[in-house]
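>>> Provided below for reference: sequence and predicted model.
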Amino acid sequence: MHYTGVSRVIPPKPQSGQSARDDTDLLLRASRRALFIVLLMIFALGGTVLGRALWPDSVLATWPVWVPWLLPVLVVVAGVVGRLLTGGRAWDPKSVEVKQIQQDEFRRMNLLRAQRAALIVILVLQIPLGLLFAYLPAMRAVMAMGTTTITLGMTVLIALFLFFDRDF
């Protein structure tokens with residue numbers, strides 16, 4: 001073998017600021033995806049408990065009895081999918097990227113806006129929900145009211161936070 005004089009071009013390494021920014025963006029997107037998965041799980045669980053209160057003998061209410069292993073399996077699958085989407089990176093609370101995400105003022109402001117809106121939605125809907133569930137027996141009405149309140153509150157909070165915190 002002889003030397004031809006052609007040198008191999010080595011791509012420049014990213015600067016430490018660029019690499020940290022990419023890692024932060026990756027974790028931020030993973031956080032949003034995880035919140036969306038949590039939103040879907042809240043819908044499923046809230047719908048199941050509400051189905052249990054309104055229609056105790058329906059398939060929606062009895063699926064946990066017939067397939068009790070399904071929920072843990074879905075949680076594990078969601079965790080694995082979330083981990084794969086982040087390229088195997090774990091959410092380490094001590095890492096610089098996670099601290100940047102947690103201390104971001106824009107994100108904190110969006111969370112406060114979403115919390116405020118969720119509280120208003122819950123307070124406004126209490127009387128209509130009470131009137132809607134008034135025809136049920138007392139225990140089922142309380143269960144339906146509580147389930148609806150919690151499910152709506154968490155759903156509105158997460159959905160609005162994802163909406164306010166989106167990239168343009």
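Great, that's in hand. In this text the structure is predicted, and so the values were computed from the model without any measurement.
>>> any weak-confidence spans in the chain?
The model of the chain has pLDDT under 70 over residues 1-22, 86-92, 167-168.
>>> let's go with 50 and repeat that
3, 6-15 (pLDDT under 50).
>>> What helices and strands are in contact with the helix or strand harbouring L111?
L111 belongs to helix 105-132 when assigned by DSSP states H and E. Packing partners of helix 105-132 (3 or more C-beta pairs under 8 Å, 6 or more residues apart in numbering; DSSP states H and E): helix 138-164. Using the backbone N, CA and C atoms, a C-beta is placed for each residue, glycine as well.
>>> List the buried residues of the helix it packs on.
Buried residues in helix 138-164, counted by 16 or more other C-beta atoms under 10 Å: 140-141, 143-145, 147-149, 151-162, 164.
>>> what do you get for stretch 32-45?
Neighbour counts over stretch 32-45 (16+ other C-beta under 10 Å) mark R33, A34, L35, I37, L39, I42, L45 as buried.
>>> now do stretch 98-107
By 16+ other C-beta under 10 Å, the buried positions in stretch 98-107 come out as V98, Q100, I101, R107.
>>> How far does it stretch from one end to the other?
Separation of the first and last residues of stretch 98-107 by C-alpha to C-alpha, to the nearest Å is 12 Å.
>>> center of the chain - which residue?
Central residue of the chain (C-alpha atoms, centre = their mean): L35, 1.6 Å from the mean position.
>>> now it: how far from G79?
Distance from L35 to G79, counting by C-beta to C-beta, to the nearest Å: 14 Å.
>>> Check L132 too.
Distance, L132 to G79, by C-beta to C-beta: 36 Å.
>>> go on, L160?
Relative to G79, L160 is positioned 25 Å away (C-beta to C-beta).
>>> Do I have it right that W63 meets V49?
No: applying C-beta atoms under 8 Å, one finds W63 not in contact with V49, separated by 11.6 Å.
>>> quick one: which of the two has more around it?
A count of neighbours by other C-beta atoms under 10 Å puts V49 above the other of W63 and V49, at 20 against 15.
>>> How about the contacts made by that one?
V49 makes contact with M143, T147, T151 under the criterion C-beta atoms under 8 Å, 6 or more residues apart in numbering.
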